[in-house]
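**Student:** coords please:
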Amino acid sequence: MFQCIIFGGMNRKKDLTREKLLPLLQLCDSIHPVSKGAEQYLLKTMYCSHIPKGGYLVRSGEICDSMALITKGVMRSFIIENGKEITTRFGMENELVTTLDSFIMQVPTVENIQAVEDCELLDISFDDLNKLYQKCPSFNAVGRRLMELYYIYAEKRAYITRMRDAEKKYELFLQYFSAFANRIQLTYIASFRV
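**Tutor:** Sure, this is the predicted structure:
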């Protein structure tokens with residue numbers, strides 16, 4: 001019953017238990033009650049994944065076929081512009097990580113998603129998530145609310161990156177994303193753009 005797949009530098013294990021799924025269920029339940037059918041479907045289709053520090057969930061040019069909840073660790077998204085890494089996003093425990101345009105449109109991404117620390121994830125494929133929306137229509141409320149929260153987070157990031165004054169930019173970063181302060185290299189924060 002144990003299955004391990006190497007995908008994009010990450011180890012995927014098909015050994016999900018309800019206990020391991022609990023962080024996702026709690027997040028979803030805080031938005032909309034998750035039906036037993038949806039819970040059983042998630043148990044059947046999701047993977048536990050490990051990405052070592054420096055490893056990638058997805059690289060530029062690949063299609064991001066999964067959306068993941070970070071259960072342990074910190075990840076960052078970045079692009080490369082004129083040979084320099086430009087950080088576009090950070091994620092940590094109990095946050096979702098994906099390259100949204102690539103995931104939704106199933107097209108190659110320009111972003112890279114890299115583990116800043118050793119990371120543990122719960123991930124679901126694009127196809128399995130869309131089947132869940134069809135099988136359990138009430139789960140669409142969870143998906144819609146998560147996308148709204150993702151958009152709000154993007155607006156905060158955009159506001160920070162528009163700041164020209166490095167000191168004010170760092171102050172805003174600490175105001176909005178203080179949980180990252182001691183876990184992320186200053187070079188990543190300095191390269192933070194949208």
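
**Student:** Could you report the separation of the nearest residue to residue 52 once chain neighbours are set aside from residue 49?
**Tutor:** Once flanking residues are discounted, residue 52 sits nearest to residue 118: 5.6 Å by C-beta to C-beta, 6 or more residues apart in numbering. Bear in mind the C-beta positions are built from the backbone N, C-alpha and C, glycine included. According to C-beta to C-beta, to the nearest Å, residue 118 and residue 49 sit 12 Å apart.

**Student:** same check, this time on residue 103
**Tutor:** According to C-beta to C-beta, residue 103 stands 15 Å off from residue 49.

**Student:** In terms of neighbours, single out the busier of the two.
**Tutor:** residue 49 (22 against 19; other C-beta atoms under 10 Å).

**Student:** next one: phi and psi at the most centrally placed residue in the chain?
**Tutor:** Centroid-nearest residue in the chain: residue 97, 0.7 Å away (criterion: C-alpha atoms, centre = their mean). With angles defined as degrees, to the nearest 10, residue 97 sits at phi -140, psi 130.

**Student:** Now do the residue nearest to residue 52 against residue 53, distance only.
**Tutor:** In this structure, residue 118 and residue 53 are 5 Å apart, going by C-beta to C-beta.

**Student:** next one: residue 43
**Tutor:** Taken as C-beta to C-beta, the span from residue 43 to residue 53 is 28 Å.

**Student:** Likewise for residue 150?
**Tutor:** In terms of C-beta to C-beta, residue 150 sits 25 Å off from residue 53.
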